[in-house]
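Asker: Please find the sequence and the predicted model below.
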Amino acid sequence: MLLRAAGYTVDEADGGEQALQKLAEQPVDLLLTDLKMEPVDGLTLLSRALELAPHAQVIVMTAYGSVESAVEAMRRGAYDYLAKPFKEGELLHRVQKALERVQLLSTVDLFAGEFKQRHGLDALIGRSTAMRELVSRLTRVASSDATVLVQGESGTGKELVARAVHALSRRSERPFVPVNCAAITESLLESELFGHAKGAFTGATRTRRGLFEEADGGTIFIDEVTETSPAFQTKLLRVLQEGEIRRVGESASLKVDARTVAATNRDIEREVSDKRFRQDLYYRLNVVALRVPPLRERLSDVPLLAEHFLKRANQRNLRQHSLSQSAVDHLMQYDFPGNVRELENLVEQAAALAEADVLGPQDFPLRKGGKAPEHEQSALPPGGTLADTVNQAERRAIAAAVEQHPGDLAGVAEELGISSTTLWRKMKRLGLKTPAGSEPLG
């Protein structure tokens, strides 16, 4: 009655089973569901509803509010969580915000099979809010020629994001040229990107075009850009500003028209503040920033990703392995320090070694440090707020990183992708012990 009075078109279902039937028959933008229901409870309805309508937003309502159920609802892809009793204005506000997100995401269909096959983007998979927001931002910037800076931890799929930007741009029919700065020695990097003249140095037996020239009309992807030296950064800045390159050993400049997408797994703002990366180059690269979320922030995507990797492994190995629900539940309790790449390796290993056709938890050995201790997982009392849920997630992530880098605040900050100052403040706020003498200046 409240929603209809506010002008919304509303359909009703008297339980989870009827809701699924209606979702299969007609599209919806928003699903509001109770949590305690039988025989299909709210969390099961949430998961199955997102399979039927990936772009729909879900608000879970319950009178049995607890941190555990809030965490689980968010992990499975819920947009919001509302504990009863609630005020009418609060519900209407959240519904409005959820529908605004639907409108934003309605034009985003990057995960359509035809698109993935056409552009080779099969691994860019996810229905979580974090991934849908990334794809929405990605599709909006792709049509422009703006320089893009992709940030994210190792193994999150930064190159896939760069390829998607290229595939959706007007340059898609021209070359996409990737280069990993960390894999090329400093002495060769300039020649690799800008080219060289015959006789420019020992071994330069002929004139060679650089990767910027190879990418003319298309996109050049400069991965691990923070691994370069200040001297090289100066030359790269000039190329981005002037739109021209100069081959090593030549005095004349050449015009190039290549869109630049750069990436790093470091905290680039910290690199700038520590004088390891040029501030002017950072501003030149960071016209539009795309953050690729770590897998621990989108665990609801684990089942989709695992199924995808297993299908690919089955095709290579000529096997018919499948995932048990217990295996999926086992994987979703892990924080994946190695991100999507680690999940892919786990699935490939299981597919290669398992004797049974159905893979179980025993086929996925998880390394220590990827899961918080039990007392940390249930540290908050029942009835906590959504802020408590966020704090718990931060506490778990920081605790896991501290275990990996004992006594090394800088190492912990680098793994989490934040500055040491931000990390120190979070640890103080969350009541976590900070290393002696770690308090930042300023």
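Answerer: Arrived safely, thanks for sending. Numbers count the residues shown, from 1 in each chain.
Asker: Next up, phi/psi of L366, please.
Answerer: phi -100, psi 130 (degrees, to the nearest 10).
Asker: was I right about it contacting P337?
Answerer: No - taking contact to mean C-beta atoms under 8 Å, the distance of 10.1 Å between L366 and P337 leaves them out of contact. Heads up, the C-betas are built off the backbone N, CA and C, glycines and all.
Asker: These two: who's more crowded?
Answerer: Summary of the neighbour comparison: L366 and P337, criterion other C-beta atoms under 10 Å, with P337 having more neighbours (21 against 16).
Asker: How about the contacts made by the spatially most central residue of the chain?
Answerer: Geometric centre of the chain, nearest residue: P293, 2.6 Å, by C-alpha atoms, centre = their mean. Residues near P293 by C-beta atoms under 8 Å, 6 or more residues apart in numbering: 128, 130-131, 134, 152, 156.
Asker: These in strands, which ones?
Answerer: Using DSSP state E, no member of the contacts of P293 sits in strands.
Asker: List only those of those residues flagged as buried.
Answerer: Under a neighbour-count criterion of 16 or more other C-beta atoms under 10 Å, the subset of the contacts of P293 counted as buried comprises 128, 130-131, 134, 152, 156.
Asker: any residues touching the host helix or strand of V177, and which ones?
Answerer: If you go by DSSP states H and E, V177 is part of strand 176-180. By C-beta under 8 Å, 6+ apart, the surrounding residues in contact with strand 176-180 are 159, 162-163, 166-167, 192-193, 211, 214-215, 218-224, 258.
Asker: how about 10 Å then?
Answerer: The set of residues that contact strand 176-180 without belonging to it, under C-beta atoms under 10 Å, 6 or more residues apart in numbering, is 119, 159, 162-163, 165-167, 169, 189, 192-193, 210-216, 218-225, 227, 258-259, 261, 263.
Asker: that older thread, I'd like the buried ones among the contacts of P293 as JSON lines, with distance to T44 appended.
Answerer: Below are the buried ones among the contacts of P293 laid out as JSON lines (distance: C-beta to C-beta, whole Å):
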{"residue": "S128", "distance to T44": "18"}
{"residue": "A130", "distance to T44": "22"}
{"residue": "M131", "distance to T44": "22"}
{"residue": "L134", "distance to T44": "27"}
{"residue": "G152", "distance to T44": "31"}
{"residue": "T156", "distance to T44": "29"}
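Asker: from those residues, which is closest to V272?
Answerer: The shortest separation between V272 and any of the buried ones among the contacts of P293 is 17.8 Å, and it belongs to G152 (by C-beta to C-beta).
Asker: Hmm, A258 and G243 touching each other?
Answerer: Yes - G243 is in contact with A258 according to C-beta atoms under 10 Å; the separation is 8.7 Å.
Asker: Of the two, give the one with the bigger neighbour count.
Answerer: Taking other C-beta under 10 Å, G243 and A258 do not tie; A258 has more neighbours (23 against 13).
Asker: so who does the nearest residue to that one once chain neighbours are set aside touch?
Answerer: Nearest non-adjacent residue to A258, counting by C-beta to C-beta, 6 or more residues apart in numbering: A215, 4.0 Å away. If you count contacts by C-beta under 10 Å, 6+ apart, A215 has them with 166, 171, 174-179, 193, 221, 256-260.
Asker: Tell me where the stretch 251-400 of the chain has helices.
Answerer: Remark: helices of the stretch 251-400 of the chain, listed N- to C-terminal, are 268-273, 279-285, 302-317, 325-331, 339-353, 374-377, 386-404; assignment by DSSP state H, counting those that start in this stretch.
Asker: in what helix or strand does L432 lie?
Answerer: For L432, there is no host helix or strand (DSSP H and E).
Asker: re earlier: quick one, phi/psi of the residue nearest to A258?
Answerer: Phi and psi for A215, reported as degrees, to the nearest 10, are phi -90, psi 10.
Asker: distance of the closest residue to A6 other than its chain neighbours from T207?
Answerer: The shortest distance from A6 to any residue that is not its chain neighbour, by C-beta to C-beta, 6+ apart, is 5.8 Å, and that residue is L92. When distances are taken as C-beta to C-beta, to the nearest Å, L92 and T207 turn out to be 68 Å apart.
Asker: Kindly report the same for K158.
Answerer: The gap separating K158 from T207 is 32 Å, by C-beta to C-beta.
Asker: before we move on, what about V150?
Answerer: Relative to T207, V150 is positioned 32 Å away (criterion: C-beta to C-beta).
Asker: more neighbours, the two?
Answerer: Neighbours were tallied for V150 and for T207 using other C-beta under 10 Å; the higher tally belongs to V150 (28 against 14).
Asker: closest to A5 among the contacts of A215?
Answerer: Proximity of the contacts of A215 to A5, judged by C-beta to C-beta, is greatest for H166, which lies at 47.7 Å.
Asker: looking at the protein, which helix or strand is least sure?
Answerer: Lowest by mean pLDDT, DSSP states H and E among the helices and strands of the chain is helix 374-377, with a mean of 35.
Asker: I'd like the helices of the stretch 251-400 of the chain laid out as CSV, including distance to G203 and mean neighbour count.
Answerer: Converted to CSV, the helices of the stretch 251-400 of the chain look like this (distance: least, C-beta to C-beta, whole Å; neighbours: other C-beta atoms under 10 Å):
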stretch, distance to G203, mean neighbour count
helix 268-273, 32, 18
helix 279-285, 29, 18
helix 302-317, 39, 17
helix 325-331, 49, 16
helix 339-353, 35, 18
helix 374-377, 56, 11
helix 386-404, 42, 18
